[in-house]
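Engineer: structure for this input, please:
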Amino acid sequence: MPPRPRFDRRAPVRELPNINERIAYPQLRVVDADGSQLGVITREAALEVAKERDLDLVLVSEKADPPVCRIMDYGKYKFEQEKKAKEAKKKSHQTEVKEVKMRYKIDQHDYDVRIGQASRFLKAGDKVKCTVIFRGREIQHTALAEVLLYRMAKDLEAAAEVQQQPKREGRNMIMFLSPRKTALVSKTAPARSKAESAGVTPSTATPNEG
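Structural biologist: Below is the predicted model of the structure:
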């Protein structure tokens, strides 16, 4: 059997920035702290200028010929770069699909809880999958489930847009909501839902459990 690899207890090697004496190129194109060009000068001359300014000589383009360096406050530059990276990470929120499940005979209290959950998901920038679950013969009441989903879309319309209209999916009926991108424009006469047009009223969507 081959010998088992030994565990390397040494600390990982940190990649050090190319600044000051760690820059090994003999000739450099140097940009001053104010953005003015100092031209192509020797490494020693560039280090002397940086020292006179009480700043650092930082390699910014290694592939250029000759390599380009800039005189700057490296500590401040590093802090600003890390701050920008953190802000970019906050803004790059990965949109997820969160699900809210309910029965078509849901009572008012539980319905309010589902509305609260969906509101939190939408405010966080996530999409919401609203699912009405049918059990046994409840599958006969898809019209009531559709009314319930349209009611939910109406109650959340200030924060959400309907991405996918209610539709049957196996023994469930689902609807997708996404965070509203544009402000809601008030209408003088609210549009009737497809289910309401069929003669089913929203009040029939929430009978108490018997």
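
Engineer: can you pull the domain assignment for this structure?
Structural biologist: In terms of domains, the chain is parsed into 20-76, 97-181+191-202 (source: automatic domain parsing).

Engineer: hey, C-alpha coordinates of the helix or strand harbouring Glu48 in CSV?
Structural biologist: Taking DSSP states H and E as the criterion, Glu48 maps to helix 43-53. Extracted C-alpha coordinates of helix 43-53, given in CSV (Å, rounded to 0.1, in the frame of the first residue of the first chain):
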residue,chain,number,x,y,z
ARG,A,43,12.7,51.0,-9.8
GLU,A,44,15.0,52.8,-7.4
ALA,A,45,13.9,56.3,-8.6
ALA,A,46,10.2,55.3,-8.3
LEU,A,47,10.7,54.0,-4.7
GLU,A,48,12.5,57.2,-3.8
VAL,A,49,9.6,59.3,-5.1
ALA,A,50,7.1,57.2,-3.2
LYS,A,51,9.2,57.6,0.0
GLU,A,52,9.4,61.3,-0.4
ARG,A,53,5.5,61.5,-0.7
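
Engineer: excluding its backbone neighbours, what's nearest Lys123?
Structural biologist: Using C-beta to C-beta, 6 or more residues apart in numbering and skipping residues adjacent in sequence, the residue nearest Lys123 is Ala159, 6.8 Å away. Placement of C-beta: from N, CA and C, glycine included.

Engineer: for that neighbour, give me phi and psi.
Structural biologist: The phi/psi pair for Ala159 (degrees, to the nearest 10) reads phi -110, psi -10.

Engineer: same question, Gln163
Structural biologist: phi -90, psi -40.

Engineer: tell me how far the biggest helix by length in the chain lies from the chain's centre.
Structural biologist: Ranked by residue count, the top helix of the chain under DSSP state H comes out as helix 74-91. With C-alpha atoms, centre = their mean, to the nearest Å as the basis, helix 74-91 stands 18 Å off its chain's centre.

Engineer: next: stretch 110-121.
Structural biologist: 21 Å.

Engineer: okay, buried residues for that stretch please.
Structural biologist: For stretch 110-121, the neighbour count (16 or more other C-beta atoms under 10 Å) marks Tyr111, Arg114, Ala118, Ser119, Phe121 as buried.

Engineer: just the CA atoms of that stretch, as PDB, please.
Structural biologist: What follows is stretch 110-121 as a C-alpha-only set of coordinates in PDB (Å, rounded to 0.1, in the frame of the first residue of the first chain):
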ATOM      1  CA  ASP A 110     -53.900  31.300   9.100                       C
ATOM      2  CA  TYR A 111     -54.500  33.300   5.900                       C
ATOM      3  CA  ASP A 112     -53.100  36.500   7.600                       C
ATOM      4  CA  VAL A 113     -50.000  34.400   8.700                       C
ATOM      5  CA  ARG A 114     -49.400  33.300   5.000                       C
ATOM      6  CA  ILE A 115     -49.800  36.900   3.800                       C
ATOM      7  CA  GLY A 116     -47.200  38.000   6.400                       C
ATOM      8  CA  GLN A 117     -44.800  35.200   5.300                       C
ATOM      9  CA  ALA A 118     -45.200  36.100   1.600                       C
ATOM     10  CA  SER A 119     -44.700  39.800   2.400                       C
ATOM     11  CA  ARG A 120     -41.400  39.100   4.200                       C
ATOM     12  CA  PHE A 121     -40.100  37.000   1.300                       C
END
